[in-house]
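# Quick one, structure for this:
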Amino acid sequence: MAKGNKFVRGVKIAVAVLAVLVMSVWSMILYSDAFIDWWIVPAVTLGVGIATAIHMWKWWIPLTWSESGLFNGMCHSVFSAVLLTFAFFALNNMLADSASERADTAVVTGHFREEHHRHRRVGRRYVANGEVYYTYKLQLKLSDGRTKFVEMPLKNYRRIHDGDSASVVLRDGLFGVPVFDHKALEFRKGNRSDRR
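All right, here's what the predicted structure looks like:
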């Protein structure tokens with residue numbers, strides 16, 4: 001393989017990996033404003049990716065330089081799932097119908113703290129867990145029974161209790177998935193009897 005071909009192939013692979021990472025991060029950001037279970041859209045888009053990989057795995061040979069149908073099919077399935085998930089949330093959220101805007105009241109039904117570890121490199125090939133940090137989430141329940149986890153800064157998390165209510169402005173997304181702005185939530189204190 002010529003040096004020029006290796007370089008071009010390396011650039012193509014780097015662009016593909018970067019595209020997957022960027023679309024994955026944006027999908028998570030857009031998901032935070034959609035009222036839908038997190039696994040539904042990726043499961044459907046992965047299914048589409050697997051189904052189309054049967055016919056499209058050969059398209060990946062110029063990028064991977066591999067004749068393996070399984071490897072190229074996996075590359076196609078993952079890339080397709082990430083691309084379609086990003087497209088779903090981007091179109092659903094950005095083209096939401098402003099005429100369908102309505103106010104709803106959500107009730108705080110749970111508090112959750114998730115532990116994470118920062119990673120640090122301890123050698124050329126080894127990465128170790130570093131210091132612990134936490135993220136804080138509230139579970140909100142809409143009047144129609146749908147629930148959503150919303151990440152909160154610690155100072156807001158401490159002030160909010162189970163049973164408190166939040167004003168939520170909902171809009172119908174392009175694909176029917178309701179959209180809201182989680183940063184614009186306004187919380188009100190609930191009755192003492194409703195709190196934990």
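# Pass me the low-pLDDT residue ranges in this structure, would you?
Scanning the chain for pLDDT under 70 picks out the ranges 1-4, 191-196.
# What ranges does it have for its helices?
Per DSSP state H, the chain carries helices over the ranges 3-31, 40-56, 61-64, 69-94, 154-159.
# what's the most buried one of the ones you listed?
Highest mean neighbour count among the helices of the chain (mean count of other Cβ atoms under 10 Å): helix 69-94, with a mean of 19. C-beta here means a position set from N, CA and C on the backbone, and glycine is covered the same way.
# Compare the helices of the chain and give me the one nearest residue 125.
Nearest to residue 125, of all those, is helix 3-31, at 19.8 Å by Cβ to Cβ.
# if we can go back for a sec, out of the helices of the chain, nearest to residue 114?
The minimum distance between residue 114 and the helices of the chain falls on helix 154-159, with 11.7 Å, by Cβ to Cβ.
# coming back round to it: tabulate the helices of the chain in JSON lines, adding columns for distance to residue 112.
Formatted as JSON lines, the helices of the chain follow (distance: least, Cβ to Cβ, whole Å):
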{"stretch": "helix 3-31", "distance to residue 112": "17"}
{"stretch": "helix 40-56", "distance to residue 112": "20"}
{"stretch": "helix 61-64", "distance to residue 112": "40"}
{"stretch": "helix 69-94", "distance to residue 112": "23"}
{"stretch": "helix 154-159", "distance to residue 112": "9"}
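# and of those, who's closest to residue 115?
Of all these, it is helix 154-159 that lies closest to residue 115, at 13.6 Å by Cβ to Cβ.
# So which bits of stretch 104-118 are buried?
Of all the residues in stretch 104-118, those buried under the rule 16 or more other Cβ atoms under 10 Å are 104, 106, 107, 108, 111.
# can you tell me which two in those are farthest apart?
By the measure Cβ to Cβ, 104 and 111 form the most distant pair in the buried residues of stretch 104-118, at 20.9 Å.
# So which residues make contact with the lengthiest strand in the chain?
In the chain, assigned by DSSP state E, the strand with the most residues is strand 97-121. The contact list for strand 97-121, computed with Cβ atoms under 8 Å, 6 or more residues apart in numbering, reads 127-143, 147-149, 157, 160-174, 185, 187, 190, 194.
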